[in-house]
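Colleague: Dropping a prediction and its sequence here:
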Amino acid sequence: MSKQVEKIKELIAKREQARLGGGEKAIEKQHARGKYTARERIDMLLDEGSFEEVDMFKLHRCTNFGMEKKQYLGDGVVAGSGTIDGRLVYIFAQDFTVNGGSLSETMAQKICKVMDMAMKMGAPVIGINDSGGARIQEGICALAGYAEIFERNILASGVIPQISGIFGPCAGGAVYSPALTDFTLMMENTSYMFLTGPKVVKTVTGEDIDQEHLGGASVHSTKSGVTHFTASTEEEAMEMIKTLLSYIPSNNMEEAPRKECNDPINRMEDSLNEIIPEDPNMAYDMYKVISAITDDNEFFEVQPKFAKNIIVGFARFNGQSVGIVANQPSCYAGVLDVNASRKGARFVRFCDAFNIPIVSLVDVPGFLPGTGQEYNAVILHGAQLLYAYGEATVPKVTVTLRKSYGGSHIVMGCKQLRTDINYAWPSAEIAVMGASGAVAVLCAKEAKEHEDPKAFLAEKEEEYTEMFANPYQAAKYGYIDDVIEPRNTRFRICRALAQLATKRDGLPAKKHGNIPM
Ligand code: HXC
């Protein structure tokens, strides 16, 4: 055998060894946990044969605590580039079979390398997390590695989309990388995220809690809002990431890819003329409105289980990707609160950063009152949503379906927040507050002087409703551009977006704003 052939054989053997990660036993253990390996995950996500791996032979340099014996080619992360639906992406997947996927200085360097490439190329970066956290044997070097990653997450924010999949443990400071990225997806039952695990919680606070109830997907998708998506199988998770990518551009200088649209833009939806209940206090389902107006009735929801009083997600109009923000009257009457505000604000900011127009569907009675909200800074979080809308320079179209009262009217993309086109349905009620609240303030003293104060107040409420509970007061001042027939909503939004395609708007020169948080 020639030396050359021998060397090639050695290369092939090394590659095979690297592909085994922590070895066959560790792979079996990973499968027994119901989890795929890092390489299997990458194969599932990327277009077949498109993976271009980097640093397959990279090794850690630690010799503390016998680490020289725990050497595996490539260390605990598989990294590189590939394509999804033909579009370039960068990817890294932590390999739990290698020292529990714990993050070494070397692994951080590999992750940073693909992040730097993603920034240069203007391509999304996807990180699959499955790790015991900082590699304890490496001490400060592992921490420094995390910090290098976080800094890149911060610099990449608003430049390229960053997506995190949590496919196993993600504990301690490690959670901050996903938290800094745009979207997080957690696996149900096999993943968790927390700053301190159950044992530390027990020691510090005395609280008895298991991993799932402390930081499982069920908690972060409903209570904290830390995760945007959950999946019950890894296959489903990968499909969700692909769908998400189909709605967003590869970087902040591009537009989202257009999808051919066979759904007529002038499709009338007669059901919408009937959807608003006679009784203004009755609910209806905003999902029905959304699916009635979007291309092929499709809607890809973000954070579907968190703050259900507001709905956010992606859809298309005439093939163009848009972000939809909608109040949900069938959940707490669609009221805005702390969680709904921060959910909406983050989504609006993502859309604005990545050139995705925002369509708002408004039916909001106001902000939720009470100490629970005030003590949790509803003022600041409401201001966050307000700030996000007012700062956004992408095309903005707002449709007011029914209620739009007070501060919440302003916050949900009113005309003065530089919304380009504001439509209202004939059922819209745009006013400072609802009739009963308004009359209680205006007529309380007068009512006392009447023989039948109740009848007097009812009469005044009717008068107020007649005067204010309509779209024409706002239309009279040009704050509503047009009052439209509900069944025409799809057509009007499509035409508005076509008109706004060349929109140019900006912000005053500044280092950055100071969004309330
Ligand atoms: C080094 C680690 C490790 C770590 C796991 N391993 N975590 N090695 N540093 N952080 C190793 C284990 O020693 C073991 O090695 C292998 O990975 C598999 O781990 P097991 O414990 O056998 O697996 P399992 O029973 O499934 O438990 C997984 C686990 C547990 C729950 C993640 O390993 C664990 O609790 N790890 C420590 C978690 C942690 O506290 N991390 C630090 C968080 S603080 P062998 O050789 O035996 O197979 C942090 C700070 C970051 O990360 C700050 C950034 C700003």
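Modeller: That came through fine. Numbers count the residues shown, from 1 in each chain.
Colleague: got the residues of the stretch 51-200 of the chain near the ligand?
Modeller: Contacts of the stretch 51-200 of the chain with the ligand, taken as Cβ under 6 Å from any ligand atom, map to 99-100, 102, 132-137, 143, 146, 169, 171-174. Any C-beta I mention is one placed from the backbone N, CA and C, and that applies to glycine too.
Colleague: Tell me the buried residues within these.
Modeller: Neighbour counting with 16 or more other Cβ atoms under 10 Å marks 99-100, 102, 132-135, 137, 143, 146, 169, 171-172, 174 as buried within these.
Colleague: circling back: which of the residues of the stretch 51-200 of the chain next to the ligand has the weakest pLDDT?
Modeller: Ranked by pLDDT, those bottom out at residue 173 (83).
Colleague: and the closest residue to it other than its chain neighbours, which of the three is it?
Modeller: In this structure, residue 173 finds its nearest non-sequential neighbour in residue 146, 5.8 Å apart by Cβ to Cβ, 6 or more residues apart in numbering. Here residue 146 takes the helix state, with states given by DSSP: H, G, I helix; E, B strand; the rest coil.
Colleague: Residue 146 contacts residue 105, correct?
Modeller: No. Using Cβ atoms under 8 Å, residue 146 is not in contact with residue 105, being 9.9 Å away.
Colleague: for the one residue in the stretch 401-517 of the chain that gets nearest to the ligand, what are its contacts?
Modeller: Of the stretch 401-517 of the chain, the residue with the smallest distance to the ligand, taken as Cβ to the nearest ligand atom, is residue 517 at 20.4 Å. For residue 517, the contacting residues are 380, 384, by Cβ atoms under 8 Å, 6 or more residues apart in numbering.
Colleague: hmm, back to that, would you format the buried ones among the residues of the stretch 51-200 of the chain next to the ligand as TSV with distance to residue 508 and secondary structure included?
Modeller: Shown next, in TSV, are these (distance: Cβ to Cβ, whole Å; DSSP: H, G, I helix; E, B strand; the rest coil):
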residue	distance to residue 508	secondary structure
99	50	helix
100	49	helix
102	46	coil
132	46	coil
133	42	coil
134	41	strand
135	46	coil
137	50	helix
143	38	helix
146	35	helix
169	44	strand
171	42	strand
172	40	helix
174	38	helix
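Colleague: In contact with the closest residue in space to residue 159 that isn't next to it in sequence, which residues?
Modeller: Excluding its sequence neighbours, the residue lying closest to residue 159 (Cβ to Cβ, 6+ apart) is residue 252, at 5.4 Å. Counting by Cβ under 8 Å, 6+ apart, residue 252 makes contact with 158-160, 353-355.
Colleague: And residue 218, how close does it get to residue 166?
Modeller: 13 Å (Cβ to Cβ, to the nearest Å).
Colleague: let me redo that: residue 382
Modeller: Between residue 382 and residue 166 the computed distance is 29 Å (Cβ to Cβ).
Colleague: Would you mark the buried spots in stretch 170-185?
Modeller: For stretch 170-185, the buried set under the neighbour-count rule, 16+ other Cβ under 10 Å, comprises 170-172, 174-178, 180-185.
Colleague: Return the distance of it from the chain's centre.
Modeller: Computed by Cα atoms, centre = their mean, to the nearest Å, the chain-centroid distance of stretch 170-185 equals 13 Å.
Colleague: Rebuild the buried residues of stretch 170-185 as JSON lines, extending it with secondary structure.
Modeller: Formatted as JSON lines, the buried residues of stretch 170-185 follow (three-state DSSP):
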{"residue": "170", "secondary structure": "strand"}
{"residue": "171", "secondary structure": "strand"}
{"residue": "172", "secondary structure": "helix"}
{"residue": "174", "secondary structure": "helix"}
{"residue": "175", "secondary structure": "helix"}
{"residue": "176", "secondary structure": "helix"}
{"residue": "177", "secondary structure": "helix"}
{"residue": "178", "secondary structure": "helix"}
{"residue": "180", "secondary structure": "helix"}
{"residue": "181", "secondary structure": "coil"}
{"residue": "182", "secondary structure": "coil"}
{"residue": "183", "secondary structure": "strand"}
{"residue": "184", "secondary structure": "strand"}
{"residue": "185", "secondary structure": "strand"}
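Colleague: Can you select the buried ones from the contacts of residue 252 in ChimeraX?
Modeller: The following ChimeraX line selects those of the contacts of residue 252 that are buried, judged by 16+ other Cβ under 10 Å:
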select :158,160,353,354,355
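Colleague: could you redo the contacts of residue 252 as JSON lines and give each row distance to residue 214, pLDDT and secondary structure?
Modeller: Listed next are the contacts of residue 252 as JSON lines, based on distance: Cβ to Cβ, whole Å; pLDDT from 0 to 100; DSSP: H, G, I helix; E, B strand; the rest coil:
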{"residue": "158", "distance to residue 214": "31", "pLDDT": "98", "secondary structure": "coil"}
{"residue": "159", "distance to residue 214": "33", "pLDDT": "98", "secondary structure": "coil"}
{"residue": "160", "distance to residue 214": "32", "pLDDT": "98", "secondary structure": "coil"}
{"residue": "353", "distance to residue 214": "32", "pLDDT": "98", "secondary structure": "helix"}
{"residue": "354", "distance to residue 214": "33", "pLDDT": "98", "secondary structure": "coil"}
{"residue": "355", "distance to residue 214": "38", "pLDDT": "98", "secondary structure": "coil"}
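Colleague: Out of the contacts of residue 252, which is nearest to residue 114?
Modeller: The closest of these to residue 114 turns out to be residue 160 (Cβ to Cβ; 11.4 Å).
Colleague: Break this structure down into its structural domains.
Modeller: Listed domain ranges for the chain are 3-247, 270-433+470-502, 435-468 (source: automatic domain parsing).
Colleague: Need the winner for burial among those domains.
Modeller: Most buried of the domains of the chain, by mean neighbour count (mean count of other Cβ atoms under 10 Å): domain 270-433+470-502, with a mean of 20.
Colleague: and this structure, which of its residues are near the ligand?
Modeller: 99-100, 102, 132-137, 143, 146, 169, 171-174.
Colleague: and with 5 Å instead?
Modeller: 99-100, 102, 132-136, 146, 169, 171-174 (Cβ under 5 Å from any ligand atom).
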